[in-house]
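**Student:** Give me the fold of what follows.
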Amino acid sequence: MCDPVTMAVISVGSSALQYKQQKAQAKARFAQQKRQNELAKKNAQQRYASAGLKIRQEEGKASQASLRGTMKARKARATYTAGASDAGGLAMSGSTNALLANYYRTEGNYKTAIQNNMDINVSQYERNLEAIQFGQESQSTYLTPPDSKMLFATQAFNVANTYMSLEFQRQNAGLQTRKEKTQQKNSVSQTYKDGYI
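**Tutor:** Residues are numbered from 1 along each chain as shown. Prediction:
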């Protein structure tokens, strides 16, 4: 069996090396977790920007379509109202009024359809934003910063465990443990003091 002092030195050295390695691993793991969260955030930001651009483009298309519809309806109404006034009458005939009412109704239906489609697009946009947020949360990891104190305590317990294991082996081998040697030494010292006082 090896000398206990040598075993203690080896145990302390091994524990110190393990402590340094575990601390480095914990720091690397923490840095990787932070990078993962940064990537998830950047990905979400890009997806938010893309969704925002898409909805703005849809709004632009809807505005242009509504404007074209309004201009077409106004042009058609102007044609019929001009024709009615050219005919010399101040009042338009019933068929002209019915035709104009039909244009107003058609224009209103067209604008309503555009607005309904836009509402659907906005609703989908909001669901996409929720999905982007959920995606970011699912891609993110929990941050576990390195705990040097806990690592040190673990290694200190490992050293103490090694020491106790060696003492147990000595006791099982029939050798005196350090505690027994110390007690015997103190007993001899006390006897020496008692005998010469």
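
**Student:** Need the per-residue pLDDT for the residue nearest in space to the middle of the chain.
**Tutor:** Closest residue to the average C-alpha location of the chain: Ser140 at 3.0 Å, with CA atoms, centre = their mean. Residue-level confidence at Ser140 comes out at 86, pLDDT.

**Student:** Please apply the same query to Ala101.
**Tutor:** 82.

**Student:** okay, now it: neighbour count?
**Tutor:** Look at Ala101: counted by other CB atoms under 10 Å, it has 10 neighbours. All C-beta atoms are positioned from the backbone trio N, CA, C, and that covers glycine.

**Student:** how near is Phe134 to Thr96?
**Tutor:** Remark: distance between Phe134 and Thr96 (CB to CB, to the nearest Å) = 57 Å.

**Student:** Neighbour count: these two, which is higher?
**Tutor:** Of the pair Phe134 and Thr96, Thr96 is the one with more neighbours under other CB under 10 Å, namely 16 against 11.

**Student:** So which elements touch the helix or strand hosting the more buried one?
**Tutor:** Secondary structure assigned from DSSP states H and E places Thr96 in helix 94-139. For helix 94-139, the packing partners by 3 or more CB pairs under 8 Å, 6 or more residues apart in numbering; DSSP states H and E come out as helix 4-86.

**Student:** now for the helix it packs on, which elements pack on it?
**Tutor:** helix 94-139, helix 148-172.

**Student:** quick one, which of these is nearest to Lys34?
**Tutor:** helix 94-139 (13.2 Å; CB to CB).

**Student:** how much does the closest one deviate in direction from helix 4-86?
**Tutor:** 180 degrees (axes from the mean of the first three to the mean of the last three CA atoms, to 10 degrees).

**Student:** Work out the gap between helix 94-139 and the centre of the chain.
**Tutor:** 33 Å (CA atoms, centre = their mean, to the nearest Å).

**Student:** cool, and stretch 40-53?
**Tutor:** The answer for stretch 40-53 is 14 Å, by CA atoms, centre = their mean.

**Student:** for the record, mean pLDDT for it?
**Tutor:** 94.

**Student:** let's number from 156 now, not from 1
**Tutor:** With the count now opening at 156, the last piece we talked about shows up as stretch 195-208.

**Student:** Just the C-alpha atoms of it, please, in PDB.
**Tutor:** Extracted in PDB, the C-alpha atoms of stretch 195-208 (Å, rounded to 0.1, in the frame of the first residue of the first chain):
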ATOM      1  CA  ALA A 195     -32.700  32.000 -31.500                       C
ATOM      2  CA  LYS A 196     -33.200  35.800 -31.000                       C
ATOM      3  CA  LYS A 197     -31.600  36.700 -34.300                       C
ATOM      4  CA  ASN A 198     -33.700  34.100 -36.100                       C
ATOM      5  CA  ALA A 199     -36.900  35.500 -34.500                       C
ATOM      6  CA  GLN A 200     -35.900  39.000 -35.400                       C
ATOM      7  CA  GLN A 201     -35.400  38.100 -39.000                       C
ATOM      8  CA  ARG A 202     -38.700  36.200 -39.100                       C
ATOM      9  CA  TYR A 203     -40.500  39.200 -37.500                       C
ATOM     10  CA  ALA A 204     -39.000  41.500 -40.100                       C
ATOM     11  CA  SER A 205     -40.100  39.200 -42.900                       C
ATOM     12  CA  ALA A 206     -43.600  38.900 -41.600                       C
ATOM     13  CA  GLY A 207     -43.800  42.700 -41.100                       C
ATOM     14  CA  LEU A 208     -42.600  43.300 -44.700                       C
END
